[in-house]
Structures are given as C-alpha cells and as structure tokens.
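Q: Kindly return the folded structure for what I paste below:
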Amino acid sequence: MLINKKYLAQALLMAGVMMSSFTHAASAPDLTFRATAGPVSGQLQDGFTLGKGRIMHRDAHSGFRVWSEQPLSGVVPGHFILQGLQDPQRQLRVRLEQKQARPDSEKGNGIIIRSGDETLFFSVVVDGNQKVAADQYQVALKAGVITP
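A: Residues are numbered from 1 along each chain as shown. Reported below is the predicted structural model:
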C-alpha cells in the first residue's frame, strides 16, 4: 500500500513477505504481515506497533526464524532501518518483537522463536523514540522453519 507525503501508510506500508525453509521440511512456513497502525508521522514512541505478523507451519518443527535483509540498525539482530522510497535519506528504525524470541546470533539478521507451536504471532514496532518524516516505507520479511 502506498501513501502520500502527508502520511505513512496504514501499517507502514507495503509488506513484502517471502518464505524459505532452512531444512528439508515438506513445505515452507506461511508468513503474513498486516499493518495495524493508522496513518503515522512525526514523533513516534519506542515500542509503537506498526504491524503484526503470523507465521504458521503444520509439519513437525522446533522453531521459526523471521528476518529481513534490510539494513540493520546497530548490531542487534532483528533491528532494521526502513528507508523512504521517495527520499532514501528518510529513515524509520524498527524491530521485530515476540515474547519467546531471541536474537538470531547465528545468522545475524533476525529473530529465532523456539517453539513447536503451529502458529505464532510477532510484531514490527518502532525502535526507539524518533521523529519520522512522511514518506513511503516498505517492510520485507522472510521466514524459515527450524526442524528438530
């Protein structure tokens, strides 16, 4: 979803979602992302939820990986910088959150959720208090399954 310069999209945006599997599982996980915030711009507070995602896999597994190949914000995996599509100098720092998640220090660019649950939910939130210029921002996420 694109937005004009006065607003960020209802959910940050355009969500590009890609899936992959790290194992020989019969199928890739199902990953969806939906923006939950109304139009936002200006001063944003740390932890403000921009969107929610769901990852689902019915076959046996011991966890999931969720990540983005967008530039990292700092050194902690799962923290990213979204660049404005109209002006790449405009930036929005975000992070992936999920109560069972830990940083994926092995791959270095996302989170690992250790769980055999068929369905898990996660959020994309504002990473630190920041003033955000109105632009178009894109979230591109990928997911994989960890097998036992």
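Q: moving C-terminal of the helix or strand bottoming out on mean pLDDT in the chain, what's the next helix or strand?
A: Here the helix or strand of the chain ranked lowest by mean pLDDT, DSSP states H and E is strand 14-19, holding a mean of 40. Toward the C-terminal end, the helix or strand that comes next after strand 14-19 (DSSP states H and E) is strand 30-35.
Q: Of all the residues in that next one, which ones are buried?
A: 31, 33, 35 (16 or more other CB atoms under 10 Å). From N, CA and C alone the C-beta is placed, and that goes for glycine too.
Q: Looking at these, spot the one nearest L72.
A: For the buried residues of strand 30-35, the closest approach to L72 (CB to CB) belongs to F33, at 18.8 Å.
Q: can you tell me how far that closest one sits from V139?
A: To V139, F33 is 6 Å away according to CB to CB, to the nearest Å.
Q: can you check V126 too?
A: According to CB to CB, V126 stands 12 Å off from V139.
Q: Quickly list what's touching both of the two.
A: Both V126 and V139 are contacted by 50, 94, under the criterion CB atoms under 8 Å, 6 or more residues apart in numbering.
Q: For the two, indicate the residue with more neighbours.
A: V139 (25 against 21; other CB atoms under 10 Å).
Q: What helix or strand is the more buried one located in?
A: Per DSSP H and E, V139 falls inside strand 138-146.
Q: Spit out the contact partners of K52.
A: When contacts are counted by CB under 8 Å, 6+ apart, K52 touches 33-34, 36, 121-124.
Q: of the buried residues of strand 30-35, closest to F64?
A: Nearest to F64, judged by CB to CB, of these is L31 at 8.9 Å.
Q: Tell me which stretches of this protein form strands.
A: Assigned by DSSP state E, the strands in the chain fall at 14-19, 30-35, 42-44, 49-56, 63-67, 79-83, 91-97, 101-103, 110-114, 119-126, 130-132, 138-146.
Q: what's the most buried one of those strands?
A: Comparing the strands of the chain by mean neighbour count (mean count of other CB atoms under 10 Å), strand 63-67 ranks first with a mean of 24.
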